[in-house]
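Student: Let's see this in three dimensions:
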Amino acid sequence: MSPLTLSLLLAPLALSAPADDPIEALYGRMARTEELPVLYGAMERGPEVWARALDDQRIGHDYYGGVEELVRRETDPEGFALEDPPPGWRPVLGVRGYGRLAVGNGRTQGLLGDAEDGLLSPRLGATLSASSPWIEARITAEARGDFVGGSQPVAFAVPTAWAGLHHGPLRVGFGLERRWLGPGRHGALILGDDAWPFPAGSLALEGSVWKLGRLRADVGAGWLQRERADVDRPGLLWMDFRWSPAPWLELGASRASLFAGEGRPWPGVGQLILPLDPHVYDDPDRSEPDQDEIAALDARLCVPLGRWMPVLDYVEVYTQYGGDDMIVRRFGPIPRPSLAGVANLFGAEVSAGPVAVTAEYARLLDDTFRWYRGHRVYHEGFSQDGRWLGHVNGGDQETLWAQVTVFPGPWGVEAWTEQVRRVGVVEVVQDTVFTLQVDEQRRRFGVRGWYVRPEAGRFGVGYELERITGIGFVPEEQAWMHRVWFEVRGSPWVIGARDEGGGNWGG
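Tutor: Okay, the predicted model is just below:
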């Protein structure tokens, strides 16, 4: 297995970078350019999972080969554990340190629920991983400070803590980890990375099946552990199925369900698996089993233009179509579940050597059944601490996001913009929706630059400016928000590798 193969898609464990981290995106562009058999719609993966999924694949593209040394060290611990594992069950350990300093009052996105709500917000942390052909474990510990207006000046957080077995097509484990379902770059309708991770156990099977292509099935259950204003600790069940008959095509189906919780009865197992009767409407005391449901279908089509055009690598288009809540219709005596409250996400990306241009549009304007929040029993819905488990901007909104990235070598820059329109819903009477007269409008612009040294790590700096009008749907309320941040991420330190030749190796 080549070292670059191991670093194609660096795990989303680097909490010092948002979901649209340019270096993480570069690894995805490498895999698409080389048409590797990767399922991109299930992004809870760590570096070890990617290393196994991309076993025996190699990169031959001249441009990406030129930056191999810049990125290969990111997955050195997992590479040594799988290529030349130590004897017995002893794993190879990896330590990755990072730091971040944010200054300003701008809002955060994609930081696993970290609002960085002080005008001065430093972060210092490290991730410890343990890898072997059977074992997969990692934990991230982070010291946080939010000074000058912060809700908690000093705090300690553990946003990632996962342990399990992973061998061949099977992956099973329990803990806290980032989960992302769908092809979106900026947002995901079912599960994204803007909210604090929830404890859960999951079972996944993935591999190539005869001539059908690559298949993946992932089923998991946990609970929302953060304090809520409705039902404490409701259960959360998710299912995700993916199929890629060829590297240029991927189809997916995802579902998430809220159920039970403190003081709430559990639905039956059959009802959880196939929710034909999720709501009980003749229950004024709200004491019967109840569920909230969201589900989505997605598709990704990547045209490998590099086969015929030396300038362009690929053009990719993708979409995710979702429904909120559940209505049971019938074909005669046969019940059939059907989704209401439609949401849509569309995107496209063009890659040409060191340059990538990406655009994404999401529309979650479901005022009757509500996306994420405002349901019959679980009013807080699919959220933690006011952050959405799915799309970063929640429901009843439209988002248009675009980004340009240039990564010619050890340095890179990117610029992006985001336009968000939120609608305030007052009441729904039959088919009539009553909304507030003023929408909340957000216009955000940002730029980021970074520099990478293989033997040391990487350094980044970014700035963003946001203009908000109609804050809280009040016409006169408006504000400017600024934010500048600095990021440092060290190269991983490897402990327990059998080959100790050069680099950051331990005994």
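Student: only C-alpha atoms for contact and neighbour calcs from this point on.
Tutor: Fine.
Student: can you map out the strands along the stretch 251-400 of the chain?
Tutor: 291-303, 314-331, 334-352, 355-364, 383-384, 387-388, 397-406 (DSSP state E, counting those that start in this stretch).
Student: quick one, which of these is nearest to Ile468?
Tutor: Among the strands of the stretch 251-400 of the chain, strand 397-406 comes nearest to Ile468, with 13.9 Å by Cα to Cα.
Student: Can I get the strands of the stretch 251-400 of the chain in TSV including distance to Gly446, mean neighbour count and mean pLDDT?
Tutor: Putting the strands of the stretch 251-400 of the chain into TSV (distance: least, Cα to Cα, whole Å; neighbours: other Cα atoms under 10 Å; pLDDT from 0 to 100) gives the following:
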stretch	distance to Gly446	mean neighbour count	mean pLDDT
strand 291-303	27	22	92
strand 314-331	24	19	83
strand 334-352	19	18	83
strand 355-364	15	22	95
strand 383-384	26	20	93
strand 387-388	21	24	93
strand 397-406	9	20	95
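Student: Any chance of JSON lines for those strands, columns distance to Thr140?
Tutor: Output for the strands of the stretch 251-400 of the chain, formatted as JSON lines (distance: least, Cα to Cα, whole Å):
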{"stretch": "strand 291-303", "distance to Thr140": "30"}
{"stretch": "strand 314-331", "distance to Thr140": "31"}
{"stretch": "strand 334-352", "distance to Thr140": "31"}
{"stretch": "strand 355-364", "distance to Thr140": "30"}
{"stretch": "strand 383-384", "distance to Thr140": "19"}
{"stretch": "strand 387-388", "distance to Thr140": "21"}
{"stretch": "strand 397-406", "distance to Thr140": "28"}
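Student: Out of the ones you listed, the one nearest Ser129 is which?
Tutor: Among the strands of the stretch 251-400 of the chain, the nearest to Ser129 by Cα to Cα is strand 383-384 (26.2 Å).
Student: List the pairing partners of that closest one within its sheet, with orientation.
Tutor: strand 387-388 (antiparallel) (DSSP bridges).
Student: distance between the strand it pairs with and the chain's centre?
Tutor: Using Cα atoms, centre = their mean, to the nearest Å, the mean C-alpha position of strand 387-388 is found 12 Å from that of the whole chain.
Student: How about residues contacting that strand?
Tutor: The contact list for strand 387-388 (Cα atoms under 8 Å, 6 or more residues apart in numbering) reads Gly113, Asp194, Ala195, Trp196, Tyr372, Phe382, Gly394.
Student: and the closest residue to Val447 other than its chain neighbours, bridged to which residues?
Tutor: Closest residue to Val447 apart from its sequence neighbours, by Cα to Cα, 6 or more residues apart in numbering: Ala415 at 4.3 Å. Note on Ala415: beta-bridge partners Val404, Val447, judged by DSSP bridges.
Student: Report how many residues lie close to Ala415.
Tutor: By other Cα atoms under 10 Å, 18 other residues sit near Ala415.
Student: Can you verify my assumption that it contacts Gly446?
Tutor: Yes - counting by Cα atoms under 8 Å, Gly446 is a contact partner of Ala415 at 5.7 Å.
Student: longest helix anywhere in the protein?
Tutor: Longest helix in the chain, counting residues (DSSP state H): helix 22-33.
Student: and it, average pLDDT?
Tutor: Throughout helix 22-33, pLDDT has a mean value of 76.
Student: got the angle between that helix and strand 397-406?
Tutor: Angle, helix 22-33 to strand 397-406, by axes from the mean of the first three to the mean of the last three Cα atoms, to 10 degrees: 80 degrees.
Student: so how far is helix 22-33 off the chain centroid?
Tutor: Counting by Cα atoms, centre = their mean, helix 22-33 comes out at 15 Å from the chain centroid.
Student: What of stretch 311-328?
Tutor: 15 Å.
Student: ditto for stretch 144-159
Tutor: 23 Å.
Student: and what of stretch 242-254?
Tutor: On the basis of Cα atoms, centre = their mean, stretch 242-254 sits 18 Å off its chain's mean C-alpha point.
Student: contacts for it?
Tutor: 32, 35-39, 41, 181-182, 190, 211-217, 238-241, 295-304.
Student: got it, and stretch 118-126?
Tutor: 95-105, 140-151, 153.
Student: pLDDT on that stretch, on average?
Tutor: Stretch 118-126 comes out at a mean pLDDT of 95.
Student: Report the contact partners of Val231.
Tutor: Val231 neighbours (Cα under 8 Å, 6+ apart): Gly261, Glu262, Gly263, Arg264, Val377, Tyr378.
Student: run the last query once more with 7 Å
Tutor: Contact analysis of Val231 by Cα atoms under 7 Å, 6 or more residues apart in numbering lists Gly261, Glu262, Tyr378.
Student: ok, so of those residues, who is nearest Ala402?
Tutor: Tyr378 (33.5 Å).
Student: Before we move on, what's the pLDDT of the nearest residue to that closest one once chain neighbours are set aside?
Tutor: The spatial neighbour of Tyr378 that comes closest, neighbours along the chain excluded (Cα to Cα, 6+ apart), is Asp230 at 6.0 Å. pLDDT, Asp230: 91.
Student: Can you tell me the SS state at Asp230?
Tutor: Per DSSP: H, G, I helix; E, B strand; the rest coil, the local secondary structure of Asp230 is coil.
Student: okay if I get the contacts of Val231 as CSV plus distance to Gln271, neighbour count and pLDDT?
Tutor: Converted to CSV, these look like this (distance: Cα to Cα, whole Å; neighbours: other Cα atoms under 10 Å; pLDDT from 0 to 100):
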residue, distance to Gln271, neighbour count, pLDDT
Gly261, 16, 18, 92
Glu262, 19, 11, 93
Tyr378, 17, 23, 90
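Student: want to throw the residues you listed into JSON lines with distance to Gly390?
Tutor: Below are these laid out as JSON lines (distance: Cα to Cα, whole Å):
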{"residue": "Gly261", "distance to Gly390": "20"}
{"residue": "Glu262", "distance to Gly390": "23"}
{"residue": "Tyr378", "distance to Gly390": "16"}
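Student: Return the closest of those with respect to Arg255.
Tutor: Closest to Arg255 out of those is Tyr378 (16.9 Å), distances taken as Cα to Cα.
Student: ok and the longest helix of the chain relative to strand 334-352, angle-wise?
Tutor: 100 degrees.
Student: relative to strand 291-303, how tilted is helix 22-33?
Tutor: Going by the same axes, to 10 degrees, helix 22-33 makes 60 degrees with strand 291-303.
Student: Output helix 22-33 as PDB, restricted to C-alpha atoms.
Tutor: Once non-C-alpha atoms are left out, helix 22-33 reads as follows in PDB (Å, rounded to 0.1, in the frame of the first residue of the first chain):
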ATOM      1  CA  PRO A  22      -9.100  22.400   2.000                       C
ATOM      2  CA  ILE A  23      -6.500  19.700   2.700                       C
ATOM      3  CA  GLU A  24      -9.200  17.100   3.500                       C
ATOM      4  CA  ALA A  25     -10.900  18.100   0.300                       C
ATOM      5  CA  LEU A  26      -7.700  17.600  -1.700                       C
ATOM      6  CA  TYR A  27      -7.600  14.000  -0.700                       C
ATOM      7  CA  GLY A  28     -11.100  13.500  -2.000                       C
ATOM      8  CA  ARG A  29     -10.100  15.100  -5.300                       C
ATOM      9  CA  MET A  30      -7.200  12.700  -5.600                       C
ATOM     10  CA  ALA A  31      -9.500   9.700  -5.200                       C
ATOM     11  CA  ARG A  32     -12.000  11.100  -7.700                       C
ATOM     12  CA  THR A  33      -9.300  11.900 -10.300                       C
END
